[in-house]
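A.B. asks: Next input, structure requested:
(one chain, ligands or ions: 2)
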Amino acid sequence: MNHIKHPDLILQRCCHCNQKILTPRFSLRQVIVCPRCSSQLNDGRSWSLNRLSILSITLLMLSPIAFFQPLISIYLLGSQINANVIEGIRLINQQGDPFTASIVAFCAIAAPLLLPILILMLLIGRRINLNLRPILLVLAHMKEWVMLDVYLIALGIAAIKMQDYASVFVGHGLIAFITMSVLSLLILIHMNLDELWRKFYPIEDKEGQEKTLICTACHYTGSANQQGKCQRCHRPLQERSPHSLQKTWAALIAAMVLLLPANLMPISIFYLNGQRLEDTIYSGVVSLIDSGNWPIAIIVFIASILVPFVKIIIMILLLFSIHLNSNTNPVLRMKLLKFVSWIGRWSMLDLFVIALMMTLVNRDQLMSFTMGPAALYFGTAVILTILAVEWLDSRLIWDSYGKSKPAK
Ligand SMILES: [Zn+2]
Ligand SMILES: [Zn+2]
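C.D. replies: Ligands and ions are numbered 1, 2, ... in the order given. So this is what the prediction gives:
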């Protein structure tokens, strides 16, 4: 469909650094990199909506098996216990923490199901002329929240942890679950939202548009309409995201406050023969080291302790660099911002491990495993840090860099 007609140039702005770029009409296979901030404006990956829909249908068909069938089973004290996604969430909810249960349910069930449903809505909505804008806008935010891969690693950790107490077996649902996580990753990697926007809502470039702004929601470069909104997605079009710094600070400070109880209070409570053993995040790592599970101790340490703190420190440094108009290499700062947005979701790992352990170790009097109060604080802190990264308008980094340079 994108035949090269004229070798004319398209004016667009980079949504990461606001640089004006004149690109020749490019094919979808080409990688377009911003010369200023080296972000990819087109990553050369684009699967057709039909192909994405086929993957989505497969994903949806697998979901009942993946969510309801046992992922792993153990033989403990003579009986078989199965762990599945739904059961883990039901148990967290039952033990009096519906909010933590909804965090796990959202990341492990709701978001992974929403992704294929939205893609199928695009396919059907196009035929019956629905307004596809809200669907495309939500799809842009799915990447952070579909956490099937994180859950899969958590499953491996729970299985290895359980090997100390019982023999662990692969359940029927596991193959379906692994396939689902691979499919959701493929969809997220190969879905080219910019191209879908161009295809469903093409806007012809008018010559001589004075004030060109880039829309952060749909990446359209142009001027605002009379209501000050983006011509394509109808979201407010502003120079910079309003209150970006204030919102990022608020989320970060709240996350820092929550990380205190999250690290000081017990995150898991284990009853063994009437004895109550409490573990904080840190003591959990230490006991993993004591039992010789080095690799898992390292993974849990990185995901639950290192990542949240490193993320907060990097975000604070970035915020200060913007406030102080720092002239530190902005490309490096952009890389740091992308790094924190990439690592953020892995912090959910420990919460998923606990949810799985709760289903597996549940023998009332003899042995049981429940979630401690820290889990709620930890889950909320992780979500707040993900939001903080999302709320920071990266163009501010370039503005502050511009200000720090001597006036010409
Ligand atoms: Zn750029
Ligand atoms: Zn827009």
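A.B. asks: what about Leu41, is that helix, strand or coil?
C.D. replies: strand (DSSP: H, G, I helix; E, B strand; the rest coil).
A.B. asks: Show me the strands in the stretch 101-250 of the chain, by range?
C.D. replies: 167-170, 213-214, 221-222 (DSSP state E, counting those that start in this stretch).
A.B. asks: What strands line up against the second one, and which way round?
C.D. replies: In this case it means strand 213-214. strand 221-222 (antiparallel) (DSSP bridges).
A.B. asks: average pLDDT across the partner strand?
C.D. replies: Mean per-residue pLDDT for strand 221-222: 86.
A.B. asks: And stretch 52-62, by the same measure?
C.D. replies: Mean predicted confidence for stretch 52-62 is 97.
A.B. asks: With stretch 180-193 instead?
C.D. replies: 95.
A.B. asks: how about it: buried residues?
C.D. replies: 180-181, 183-184, 187, 191-193 (16 or more other C-beta atoms under 10 Å). Where C-beta positions appear, they are placed from N, C-alpha and C, glycine not excepted.
A.B. asks: returning to that earlier point: ok, which of the strands of the stretch 101-250 of the chain comes nearest Leu260?
C.D. replies: strand 167-170 (35.0 Å; C-beta to C-beta).
A.B. asks: In PDB, list the C-alpha atoms belonging to that closest one.
C.D. replies: This file holds the C-alpha atoms of strand 167-170, laid out as PDB (Å, rounded to 0.1, in the frame of the first residue of the first chain):
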ATOM      1  CA  SER A 167       8.000 -33.000  44.100                       C
ATOM      2  CA  VAL A 168       7.000 -30.600  41.400                       C
ATOM      3  CA  PHE A 169       5.200 -31.600  38.100                       C
ATOM      4  CA  VAL A 170       4.300 -29.700  35.000                       C
END
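A.B. asks: Show me what that strand is packed against.
C.D. replies: Helices and strands touching strand 167-170, by 3 or more C-beta pairs under 8 Å, 6 or more residues apart in numbering; DSSP states H and E, are strand 72-76.
A.B. asks: what's the offset of the helix or strand just after the strand it packs on from the middle of its chain?
C.D. replies: Next in sequence after strand 72-76, counting helices and strands by DSSP states H and E, comes strand 79-83. In terms of C-alpha atoms, centre = their mean, to the nearest Å, the centre of strand 79-83 is set 31 Å apart from its chain centre.
A.B. asks: Next, the angle from strand 79-83 to strand 72-76.
C.D. replies: Between strand 79-83 and strand 72-76, the angle comes out at 150 degrees (axes from the mean of the first three to the mean of the last three C-alpha atoms, to 10 degrees).
A.B. asks: Can you point out the buried residues in stretch 393-408?
C.D. replies: 393-401.
A.B. asks: Show me those residues that map onto helices.
C.D. replies: 395-401 (DSSP state H).
A.B. asks: for this structure, what helix or strand is lowest in average pLDDT?
C.D. replies: In the chain, the helix or strand scored least confidently by mean pLDDT, DSSP states H and E is strand 362-363, which has a mean of 67.
A.B. asks: and stretch 10-24, how far out from the chain's middle?
C.D. replies: Worked out by C-alpha atoms, centre = their mean, stretch 10-24 lies 26 Å from the chain centre.
A.B. asks: cool, stretch 11-25 as well?
C.D. replies: That offset, for stretch 11-25, works out to 26 Å (C-alpha atoms, centre = their mean).
A.B. asks: State the mean pLDDT of it.
C.D. replies: Rounded mean pLDDT across stretch 11-25 is 86.
A.B. asks: and it, is it in reach of ligand 2?
C.D. replies: No: applying C-beta under 5 Å from the ion, one finds stretch 11-25 separated from ligand 2 by no less than 10.1 Å.
A.B. asks: pLDDT and distance to Ser27 added to the ones in helices among the buried residues of stretch 393-408, as JSON lines?
C.D. replies: Putting those into JSON lines (pLDDT from 0 to 100; distance: C-beta to C-beta, whole Å) gives the following:
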{"residue": "Arg395", "pLDDT": "92", "distance to Ser27": "27"}
{"residue": "Leu396", "pLDDT": "93", "distance to Ser27": "33"}
{"residue": "Ile397", "pLDDT": "91", "distance to Ser27": "31"}
{"residue": "Trp398", "pLDDT": "91", "distance to Ser27": "28"}
{"residue": "Asp399", "pLDDT": "88", "distance to Ser27": "33"}
{"residue": "Ser400", "pLDDT": "83", "distance to Ser27": "36"}
{"residue": "Tyr401", "pLDDT": "83", "distance to Ser27": "32"}
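A.B. asks: Looking at the residues you listed, which is nearest Gly156?
C.D. replies: Ile397 (37.1 Å).
A.B. asks: The closest one and ligand 2, how far apart?
C.D. replies: 21 Å (C-beta to the ion, to the nearest Å).
A.B. asks: Now do the contacts for that residue.
C.D. replies: Listed by C-beta atoms under 8 Å, 6 or more residues apart in numbering, the contact set of Ile397 reads 17, 318, 321-322, 330, 333-334, 337.
A.B. asks: sorry, back to before: just curious, which of the ones in helices among the buried residues of stretch 393-408 is nearest to ligand 1?
C.D. replies: Nearest to ligand 1 among these is Trp398, at 7.8 Å by C-beta to the ion.
A.B. asks: For the spatially most central residue of the chain, list the residues it contacts.
C.D. replies: With distances taken as C-alpha atoms, centre = their mean, the residue of the chain nearest its centroid is Glu144 (1.3 Å). Shown in contact with Glu144 (C-beta under 8 Å, 6+ apart): 341, 344-345, 386, 390.
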